[in-house]
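Q: next comes the sequence, and after it the predicted model I'd like to discuss.
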Amino acid sequence: TYHHLGKTHCGMSENEKALIFYKESVRINKKIGEKFALYQVALNMAECATQCSHFQLALDCYNDCLQGAESLDNEGTDAALVLQRMGELQMNKLHDYAGATKLFVDALEILRASEDEDDDGNQRIMNLVLLTAQAYTSAKDYENCLDYYEEYIQLLEFHCPENEDLLADTYLAMANIFADMGEESDYELAIEKLLECKEIKQNIYGPEDEQAANVMHTLATVYEKAGDHDKATEALAEALRSFKMKHNKKGTVKVYHELARMKASQAAESDSLSDRLAAIECYKEALKVRRQIMSLDDIELASLL
């Protein structure tokens with residue numbers, strides 16, 4: 001009864017009240033040793049506590065779930081689900097990336113050891129591999145995150161060869177890592193991944209697609225970091241053309257602003273009048289488009305002025 005009352009209040013967005021009933025249900029189920037019921041109510045309570053930003057309480061509930069999972073037929077896979085949710089909480093809410101990676105890796109080991117090799121089991125493994133890569137990325141453990149992204153690509157190509165969009169997004173994530181590794185940055189590999197991503201996006205959505213244009217914008221920043229200003233300018237010009245064709249004003253402003261910043265930087269280095277004038281023209285174009293979509297007191301507009 002307490003469990004159902006908690007679910008009812010949670011469904012009505014009365015989460016604090018729901019927690020009162022969930023806590024009582026957890027207490028009773030622990031006292032009488034009902035592990036199956038404990039698993040169910042603790043899982044619901046953890047989700048409710050997360051919604052209320054009671055993150056430590058949510059973690060305590062997930063630990064109760066692990067106790068309750070011992071009584072379930074699919075003990076391993078259910079425990080893996082709990083570990084995954086704990087990892088997501090650690091990564092997305094508490095920003096404890098080291099703790100998150102450990103939980104994700106533990107969950108992966110459980111799933112890989114299970115005999116659940118159907119589509120659902122494979123999908124869960126793929127999701128966990130991706131989460132592990134993302135957690136390692138946030139922890140700036142570049143070697144491990146790239147290893148997991150490579151594994152994720154292999155799983156995609158084997159289990160979901162038709163889902164090229166996910167493959168493109170993975171290339172983009174890897175490119176961002178290669179470009180942002182500090183002294184160990186590998187711009188050549190970043191550019192390679194971005195070009196692969198762009199090709200897939202254009203094959204799926206068309207040559208002037210806005211997603212491909214965003215990739216070109218990212219590619220331009222990497223070319224600039226690599227010192228190839230001509231290719232950076234070409235990439236921005238291609239992105240600008242796509243954004244204009246799609247009437248994407250925010251994208252257009254973004255590219256004009258990047259072109260202006262790049263030209264201003266080049267003018268400062270070379271004392272080139274033509275670069276300085278080009279920067280001013282790009283700022284003017286960015287300002288003109290921004291005025292079409294935002295009020296004059298907008299913060300972004302002020303930054304352009």
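A: Now that the structure is in, tell me what you want to look at.

Q: from the chain's centroid, how far away is stretch 199-207?
A: Average the C-alpha atoms of stretch 199-207, do the same for its chain, and the two points are 21 Å apart (CA atoms, centre = their mean, to the nearest Å).

Q: I meant stretch 85-101, not that one.
A: With CA atoms, centre = their mean as the basis, stretch 85-101 stands 13 Å off its chain's centre.

Q: next, the buried residues of that stretch.
A: Going by neighbour count (16 or more other CB atoms under 10 Å), the buried part of stretch 85-101 is 85-91, 96-97, 99-101. (Glycine included, C-beta is placed from N, CA and C.)

Q: ok, the closest residue to K17 other than its chain neighbours to R85 distance?
A: Nearest residue to K17, sequence neighbours excluded (CB to CB, 6 or more residues apart in numbering): H9, at 4.4 Å. Per CB to CB, to the nearest Å, H9 is found 21 Å from R85.

Q: likewise for R261?
A: Shown here: R261 relative to R85, a distance of 42 Å by CB to CB.

Q: and what of D275?
A: From D275 across to R85, the span is 52 Å (CB to CB).

Q: repeat for N203
A: Distance from N203 to R85, counting by CB to CB: 36 Å.

Q: what does A69 give?
A: Counting by CB to CB, the separation of A69 from R85 is 12 Å.

Q: hang on, Q266 packs against L273?
A: No - Q266 is beyond contact range of L273, at 11.5 Å (criterion: CB atoms under 8 Å).

Q: more neighbours, those two?
A: Between Q266 and L273, counted using other CB atoms under 10 Å, Q266 has the larger neighbour count: 19 against 9.

Q: any weak-confidence spans in the stretch 151-300 of the chain?
A: Judged by pLDDT under 70, the stretch 151-300 of the chain has its weakly predicted residues at 294-300.

Q: can you tell me the element the most centrally placed residue in the chain falls in?
A: The chain has Q134 as the residue nearest its centroid, 7.1 Å off, counting by CA atoms, centre = their mean. Assigned by DSSP states H and E, Q134 belongs to helix 119-138.

Q: buried stuff in the host helix or strand of Q56?
A: Applying DSSP H and E as the criterion places Q56 in helix 55-68. Going by neighbour count (16+ other CB under 10 Å), the buried part of helix 55-68 is 55, 57-62, 64-66, 68.

Q: likewise for stretch 66-86?
A: 66, 68-69, 75-86.

Q: E269 - how many residues pack around it?
A: Burial of E269 is recorded as 10 neighbouring residues (other CB under 10 Å).

Q: I'd say C145 and A133 touch.
A: Yes - between C145 and A133 there is a contact at 5.0 Å, judged by CB under 8 Å.

Q: looking at the two, which one has more neighbours?
A: More crowded of C145 and A133, by other CB under 10 Å: A133, with 25 against 22.
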